Structure formats: C-alpha cells, structure tokens
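In: Quick one, structure for this:
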Amino acid sequence: MSDNNLGSNEPMEPGDAAHARNQSPKRVIGTPEQGGRLLATAESEPAPHGAGAELDEAAAKRAERIVALFFLLAALGSVGFIAAYVWSGQQGPNGMHGIEDARASNYALGVAMTVAMLAMAIGVTIWVRRLMTSKQIVQQRGPLRSDEETRAEFEAAFLEGAGDSAVTKRPLLRRTLLLAAAPLGLAPLVLLRDLGPLPEKRLRHTFWGPAVTEAKKHGKQGVRLVVDGAPTQALKVSDFATPGSMITVLPEGIEESHHALNEIAKAVTILINVPADKFKPVKGRENWHVGGIVAYSKICTHVGCPAALYEQTTHHILCPCHQSTFDATDGAKVIFGPAARPLPQLPLSVDKEGYLIATDDFPEPIGPSFWERG
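Out: The predicted model follows:
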C-alpha cells in the first residue's frame, strides 16, 4: 500500500491489509492499539449543546420572546444610563453639586450600565443556544507529512541560507554572536532586583517619630511645627487663631535630615483650625487638638496624591486627583471617593513658650495601602 492511499476511502484487499499489518512498526507508547479507533467519527460524538439541527418552533418562539425581553431590558438600561448622565449634569440650587448628589449619580450610572450590558449578554447567549441550529461539520484529514520534493527543497534552501550567512564558515562570528546573545537574555532577569529590598519599616513611620524622640531627649515636650521657607518659621497658637485657616507644616529640623526630600514627602502635614462648635474629637483622641487646631497627613490614602484643598464652609478636605473627600471635623473620615481610610491624625500640644508641637508620630502608616501593611 502506498502513502497516497492513506487519505482515500477505497476498500483494501485482504492481502494488502495483511501485508500492511506485517510491515507496520511496533506501537509507540501513548498511541492507540493496532486495530483501535484512531479518530472519532461524526456519528460517535454527541452533538454540541444547542438547538440541534432542526428547531422546535414552539420552543423557538418562547426563546425568541425571552431574548426580545432581555434586549428590551438592555435598551431601557441604556436609556437609563443616558438619563442618569444628563441628570447628574444639572447643577444644584447653590450652583454646584452636593456629595449626596454625586454619590447617587455614581450609583445610577453604574446600575444602569450593568443592567444594559448584562441583559445584552444574556440575550445574545440565549439566542445562540436556543435559536441557532447546531450542525456537525466533518473535514477529511489527508497525510500530514510533506512530500519528498518539498522536504528536499526546504533542506536545500536552509543550507544555502546558512552558507550565505557564513555562520558555518566563520566560527569567530558564531562564538561572538552567542557571547552577545547570552547577556541579552539575562538582562530581563537583572530587572528582578527592582523587586527588592523590602521597605521594612520605612513606610510605617515618618520623620515626626524620631524628631519627637530627639526633642524629648533634650527635655522638650515634643517637636515644633514649622512652615517651610528660608528660614523655616515655627508656629504659635496665636499665629493660627483664625477659624477656617489651613496651612502646610513640617517637623522642625527635617531639612537637615538624611534623604530630606523623601522625609518631607512622607511627613508633610496640613494644619486646620476647625471651629470649636463644629469639631468632634475621635474617641481616645480628645487631647490631640489645641482648641480645634488639628493636624492630618497631607498624603491621600487612595494613591498618595496631596490632599491639599480645604473647603471652609463644609470643613471638607479634598484630594483633587480622584476627588476623595475627608471630614476635618470628624477625624478626617472618608465621606466620598475611592480612599479606603481616614487621613492619619497627628497628636498636637503646646509647649511652654506657646508654640504648637507634635507629641508623637502618626499612629498608623500614612498614604495608600501597601502589601506589608496587612
């Protein structure tokens, strides 16, 4: 029997079949037994799940109505999304949006879009599975091995290309090519060093902690709050007596620290004078403020942007990057936006000369979450 008969459907003569069995090689591990079924036939395989080759008209009508219902629901969801978008663009009576309006807008847009996309997906799925016929298609397989002429042409072309490139004739080129390629393959592995070393405790503390410790070693109650400048200026309570005021402060001496820019980036703090009748101290932090003067980390707990905007009328601290909003009167609690935690609060006091001081570091890591935080 020749190779040309492998893909044919012509019956074999008994003598030819016996000769083929005698000439066949031994079975390779992992291949079917001789005489076993090599390929599944169309008749032996179950039909894929679906409506089948013929549709049941009653079931098809029922499926059609269900699909139409989901498509109608998707249309309503899309209309609802547009309506919610237009509604959210309407300004309030005071010419601006309130926090509750913005939150309701986000919910409405999200729910409407979810309904539209989910209903569309369900409708299309039911259409495919219940209204489209599933027919089997059989394709005859021919010999996979190329003929000898094609194999010979490929071998000749490959050897000719290798000869033209001089790889086989010039060992110096071959060896230096391997020498150049090996480090190039290792280069991406070197970048894995950027995954370490671990930050250890550097993200858990700021310069406020060691500054307070150093100040107490010299008999002081804490480290003074200073306004950045040339030179820096320490703040007295009398300098910051106007309710509604906000200013950025740093610990005294931070500009002389090692890696000063990194330390400033972590220790930067906003000082706010909240009216006494509006301020609500967090339980356990009743003595962390000075007559309504309170200090919070300026680093947003979402992705670390500077939460540098303060609205005097609502006493809200706003991060302009992603609109996370914190309530300065209630421990910088998150009232809107993607931030997951309140801004850390810095414990304050007053020294004997009337200067504002910090008595300890922030009680928790500042800024966004990180793996080691847990």
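In: And the helices in the stretch 51-200 of the chain, which stretches?
Out: Counting by DSSP state H, counting those that start in this stretch, one finds helices in the stretch 51-200 of the chain at the ranges 57-88, 99-130, 148-165, 171-190.
In: Those helices: which one's closest to residue 351?
Out: If you check each of the helices of the stretch 51-200 of the chain against residue 351 by Cβ to Cβ, helix 99-130 wins as the nearest, at 38.0 Å. (Glycine included, C-beta is placed from N, CA and C.)
In: tell me the angle of that closest one relative to helix 57-88?
Out: Orientation check (axes from the mean of the first three to the mean of the last three Cα atoms, to 10 degrees): helix 99-130 against helix 57-88 gives 160 degrees.
In: Export the helices of the stretch 51-200 of the chain to CSV and append columns for distance to residue 354, mean pLDDT and mean neighbour count.
Out: Formatted as CSV, the helices of the stretch 51-200 of the chain follow (distance: least, Cβ to Cβ, whole Å; pLDDT from 0 to 100; neighbours: other Cβ atoms under 10 Å):
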stretch, distance to residue 354, mean pLDDT, mean neighbour count
helix 57-88, 49, 86, 14
helix 99-130, 37, 86, 15
helix 148-165, 84, 85, 10
helix 171-190, 56, 72, 9
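In: How is the chain partitioned into domains?
Out: If you go by automatic domain parsing, the domain ranges for the chain are 57-130, 149-179, 208-373.
In: residues touching residue 304, list them.
Out: With contacts defined as Cβ atoms under 8 Å, 6 or more residues apart in numbering, the neighbours of residue 304 are 367, 368.
In: Report the separation between it and residue 321.
Out: 9 Å (Cβ to Cβ, to the nearest Å).
In: who's in contact with stretch 234-247?
Out: Counting by Cβ under 8 Å, 6+ apart, 224-227, 249, 252, 270-276, 290-293, 310, 312, 350, 353-356 sit against stretch 234-247.
In: for it, how far is the first residue from the last?
Out: 12 Å (Cα to Cα, to the nearest Å).
In: quick one: buried residues of that stretch?
Out: Residues of stretch 234-247 classed as buried by neighbour count (16 or more other Cβ atoms under 10 Å): 234, 235, 236, 240, 243, 246, 247.
In: Need the residues you listed in a markdown table (columns: secondary structure).
Out: Below are those laid out as a markdown table (DSSP: H, G, I helix; E, B strand; the rest coil):
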| residue | secondary structure |
| --- | --- |
| 234 | strand |
| 235 | coil |
| 236 | strand |
| 240 | helix |
| 243 | coil |
| 246 | strand |
| 247 | strand |
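In: Looking at the residues you listed, which is nearest residue 70?
Out: Distance ranking of the buried residues of stretch 234-247 against residue 70, using Cβ to Cβ, places residue 246 first at 52.3 Å.
In: how much space between the closest one and residue 316?
Out: Remark: distance between residue 246 and residue 316 (Cβ to Cβ) = 11 Å.
In: anything in contact with each of these two?
Out: With Cβ under 8 Å, 6+ apart, residue 246 and residue 316 have common neighbours residue 310.
In: rewinding a little: and residue 373, which of the helices of the stretch 51-200 of the chain is closest to it?
Out: When the helices of the stretch 51-200 of the chain are compared (using Cβ to Cβ), the closest one is helix 99-130, at 26.7 Å.
In: by contact count, what packs against that closest one?
Out: For helix 99-130, the packing partners by 3 or more Cβ pairs under 8 Å, 6 or more residues apart in numbering; DSSP states H and E come out as helix 57-88, strand 333-336.
In: Adding distance to residue 361, write these out as JSON lines.
Out: Formatted as JSON lines, these follow (distance: least, Cβ to Cβ, whole Å):
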{"stretch": "helix 57-88", "distance to residue 361": "41"}
{"stretch": "strand 333-336", "distance to residue 361": "21"}
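In: Go through these and name the closest to residue 173.
Out: That would be helix 57-88 among these, by Cβ to Cβ, at 63.1 Å.
In: quick one: residue 300 from residue 241, how far?
Out: Using Cβ to Cβ, we find residue 300 at a distance of 28 Å from residue 241.
In: typo on my end, it should be residue 151
Out: Using Cβ to Cβ, residue 151 is found at 93 Å from residue 241.
In: what does residue 326 give?
Out: In this view, residue 326 and residue 241 are 23 Å apart by Cβ to Cβ.
In: Same question for residue 67.
Out: Distance check for residue 67 against residue 241: by Cβ to Cβ, it reads 70 Å.
In: residues contacting residue 57?
Out: Residue 57 makes contact with no residue, according to Cβ under 8 Å, 6+ apart.
In: and what of residue 224?
Out: 234, 235, 251, 252, 351, 355, 356, 357.
In: ok, 7 Å please
Out: Counting by Cβ atoms under 7 Å, 6 or more residues apart in numbering, residue 224 makes contact with 234, 252, 355, 356, 357.
In: taking these as a set, which two sit the farthest apart in space?
Out: Longest distance between any two of the contacts of residue 224 is 10.6 Å, between 252 and 356; criterion Cβ to Cβ.
In: quick one, which of these two is more surrounded?
Out: More crowded of residue 252 and residue 356, by other Cβ atoms under 10 Å: residue 356, with 23 against 19.
In: Am I right that the more buried one is in a strand?
Out: Yes: assessed with three-state DSSP, residue 356 lies in a strand.
In: what's the closest non-adjacent residue to the most centrally placed residue in the chain?
Out: What sits nearest the mean C-alpha location of the chain, by Cα atoms, centre = their mean, is residue 303, with 11.8 Å. Closest residue to residue 303 apart from its sequence neighbours, by Cβ to Cβ, 6 or more residues apart in numbering: residue 368 at 5.2 Å.
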